[in-house]
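Participant: only geometry, no sequence info:
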């Protein structure tokens, strides 16, 4: 009985969950961008570029999780 | 007794949960788009395109989770 | 003792929980649509169609979870 | 020792928890409908029908969970 | 050693937790009804009936959980 | 080794946690009632009765959990 | 090996966590009372009594959890 | 093998987590007190005393958890 | 096999998590202080002292958790 | 049977989850920056630099988690 | 079989998760600072210094978690 493989899979599942709240954060960001464009459509391009910059920075957190998940699945078992 | 198969299934279930908050984020985004259109119906197309862009970017987080879940179910056991 | 069947059931239960927050997101979306219609009843049809579009996009997250739950219950055990 | 039955029960308990946030989403929806009616009582029927439509769409998420819970309890053990 | 009974009890405990957020949703709904009545006391009866309708619809989610908990405690063990 | 007693205790602990969010919902409800009374002290009695009605309806969710916890502790073990 | 004692302790720990959100709800209630007093200091006594009534009602949820925790620690093991 | 000591430690860890949200509730309370003082600095003393009263009442929830944690660590093992 | 040491470590990890939400509460508090200073810079010192008082009171919750974690790590094993 | 490797993987998965809420915090930050730019486009550069400073400070929390995850995967097993 | 090492790793993973919400709190703090600067750019330096003070105080919670995680990894096993 070697259940390490299964436990590592659980670890990978937990790791990728890091990106969970990023989905909410990015949705919130787009939500407020919609509000802001609705109120002041003239600066649409500035708002949209700020939105994309913010989403790109948030995305790093999801990337950390994905990275650790992939490390756990493909690198860690052969360490 | 080889419970790896079962543990990997739990890992896959956890991984796909990454998309949980994305559902909230996208709902929030659509919620604010409704608000914004109600306040300023003339810029409806701009708001709706920002909403769809934001939802598409948020969706990436759910995709990461789905990807890891599928990797865990179909690729990882045969590694 | 083969507890894989039970563990896979837990995995399926976790997977379908992905749709948990979607229920909140959609409720929030409808909540703001109610607000917006109350403030500006003339654009009711535009707001309602945006609401339904947003809910349809959010629903994808719940569908991912349901899909993985069904894969885990009916496909994965026979892999 | 066959603990599959117990583990499947846990899976079913987790699955039905999918509806947890729907209860919050629907409460939020009704909350905002109350606000909107308080502000603009003339459009009460429009607001109430939007509220019921939104709640019906949110309810689908709780139904997914209930469905998987019932599948796990009554169908999956005999698969 | 037959721990199925104990595991089913955990499943039932998880199932009834479905109603957890409903308590918050209903509290939020009553909160906004208080706000709305404070702002516009003339339409108190309309607001209160909307509040009770919304709470009744939210309650369905808590009922699903209670139902599954009772099924798990009294029906499932004898299946 | 009979750990059913311990596992049922965990189930009861989880079941009573159903009331967790009710505490938040009721606090939120009282919070908004404070706001509303501060803004419009003349209708204090109407607001307070709505608040108490809402709290009473929310309390049902906590009662469900307490009920299942008590069932699990005192009835279920002798089933 | 009798680990029931330990498992019951975990159940008691979970049960008392019921009061977790009550702490937030009461803080929120006091927060809004501060707001309301800041806006309309003349009705301070009405607001403060509503706040204390709301906190007392919320406290019931924390009491349920504490009750079950104490039942689990001191009564349930000797059942 | 007697793992009761370890399991009781986990129970104590869970019990003290009851205070988790109290930290948020108190922070929220202080946050709104800051707002209120910023808007109406003349009633600073009333607002601050309401804030401290609210925090003291919230603190009870954290105390319940700490109490059960200490009971679990120092009293329960010798029961 | 004596896994008590490991289980106590998990308990300590859970205990220190009590401070988790305090980080959010204090951030929220500082957030509103920023708002309030932006709106009314003349009372900056009053707002800042309220903020620091609130953060100090919130910090107690994190301290409870840290205290129990340290008790669990250094005192409890030798009890 | 040496399952330490698997358990450490779970620990690493949990550790990297520290960054979960940072994704939300950064998204919220960008969301409010969008709002602020929409309201007052002249100070776009000040707002954007504050946003980036805030995100950089938040990022430290995600870094702590990533650091511990990497320590757990690559350093801790050989300790 | 000595799984203490693995269990301690899980404890360390949980401990560092204390910093999770701090990331959100700091993001919220920066978010409101952006708002405040957008509304009143003249007091930018006061707002920014309040923001940095608040973030520094919040950071203490994340530090507690990191401290306990490091104690668990490097000191506790040799105790």
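Facilitator: Okay, I see it. Note that the structure is a prediction, hence the values are computed from the model and not measured.

Participant: how big is the angle separating the longest helix along chain A from helix J:44-70?
Facilitator: For chain A, the longest helix by residue count, based on DSSP state H, is helix A:44-70. Between helix A:44-70 and helix J:44-70, the angle comes out at 0 degrees (axes from the mean of the first three to the mean of the last three C-alpha atoms, to 10 degrees).

Participant: so how far is helix A:44-70 off the chain centroid?
Facilitator: 7 Å (C-alpha atoms, centre = their mean, to the nearest Å).

Participant: residue of chain A closest to chain D, please.
Facilitator: When C-beta to the nearest C-beta is the measure, chain A has its nearest residue to chain D at residue A:24, with 12.2 Å between them. C-beta: built from backbone N, CA, C; applies to glycine.

Participant: residues touching that residue, list them.
Facilitator: Contacts were defined as C-beta atoms under 8 Å, 6 or more residues apart in numbering or on different chains; by that measure residue A:24 touches B:21-22, B:24-25, B:28, C:21, J:23-24, J:27.

Participant: okay, which residue is most central for chain A?
Facilitator: Per C-alpha atoms, centre = their mean, the C-alpha nearest to the average position across chain A is that of residue A:62, at 2.7 Å.

Participant: assess the claim that that residue and residue A:22 are in contact.
Facilitator: Yes. Using C-beta atoms under 8 Å, residue A:62 is in contact with residue A:22, at 4.3 Å.

Participant: so what sits against both of the two?
Facilitator: Common contacts of residue A:62 and residue A:22 (C-beta under 8 Å, 6+ apart): B:61, J:23.

Participant: okay, now residue A:45: neighbour count?
Facilitator: The number of residues packed around residue A:45, counting by other C-beta atoms under 10 Å in any protein chain shown, is 9.

Participant: equivalent analysis for residue A:52, please.
Facilitator: The local packing of residue A:52 (other C-beta under 10 Å) involves 17 other residues.

Participant: could you measure from it over to residue K:41?
Facilitator: Going from residue A:52 to residue K:41 by C-beta to C-beta, to the nearest Å gives 24 Å.

Participant: same check on residue A:29?
Facilitator: Residue A:29 sits 22 Å away from residue K:41 when distances are taken as C-beta to C-beta.

Participant: which one of the two has more residues nearby?
Facilitator: residue A:29 (34 against 16).

Participant: what angle do helix C:44-70 and the strand or helix carrying that one make with each other?
Facilitator: Element membership of residue A:29 [criterion: DSSP states H and E] is helix A:20-39. Counting by the same axes, to 10 degrees, helix A:20-39 lies at 170 degrees to helix C:44-70.

Participant: mean confidence for helix A:20-39?
Facilitator: The predicted model gives helix A:20-39 an average pLDDT of 89.

Participant: equivalent analysis for stretch A:67-79, please.
Facilitator: Taken as a whole, stretch A:67-79 has a mean pLDDT of 89.

Participant: check whether that stretch contacts chain B.
Facilitator: Yes. Looking at stretch A:67-79 against chain B by C-beta under 8 Å from any C-beta of the partner chain, the contacts come from A:69, A:73-74, A:77.

Participant: now these in a markdown table, please, with extra columns for neighbour count and distance to residue A:48.
Facilitator: A markdown table is the format used below for the residues of stretch A:67-79 next to chain B (neighbours: other C-beta atoms under 10 Å in any protein chain shown; distance: C-beta to C-beta, whole Å):
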| residue | neighbour count | distance to residue A:48 |
| --- | --- | --- |
| A:69 | 32 | 31 |
| A:73 | 24 | 36 |
| A:74 | 14 | 37 |
| A:77 | 16 | 43 |
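
Participant: any chance of these in TSV, plus distance to chain K and secondary structure?
Facilitator: As requested, the residues of stretch A:67-79 next to chain B are exported to TSV (distance: C-beta to the nearest C-beta, whole Å; DSSP: H, G, I helix; E, B strand; the rest coil):
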residue	distance to chain K	secondary structure
A:69	14	helix
A:73	17	helix
A:74	20	helix
A:77	15	helix
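
Participant: from residue A:32, how far off is residue A:53?
Facilitator: 14 Å.

Participant: quick one: residue A:73 and residue A:12 touch, right?
Facilitator: Yes. With contacts counted by C-beta under 8 Å, residue A:73 reaches residue A:12, the gap being 5.0 Å.

Participant: any residues in contact with both of these two?
Facilitator: B:68, B:72, B:76.

Participant: so who does the first one touch?
Facilitator: If I follow you right, that is residue B:68. Residues touching residue B:68, when contacts are defined by C-beta under 8 Å, 6+ apart, comprise A:12-13, A:16, A:66, A:69, A:73, B:12, B:15, B:18.

Participant: check these one by one and keep those near chain C.
Facilitator: With C-beta under 8 Å from any C-beta as the criterion, the subset of those in contact with chain C comprises residue B:12.

Participant: switch the contacts of residue B:68 over to CSV; also include distance to residue C:2.
Facilitator: Listed next are the contacts of residue B:68 as CSV, based on distance: C-beta to C-beta, whole Å:
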residue, distance to residue C:2
A:12, 24
A:13, 22
A:16, 28
A:66, 33
A:69, 28
A:73, 25
B:12, 19
B:15, 24
B:18, 29
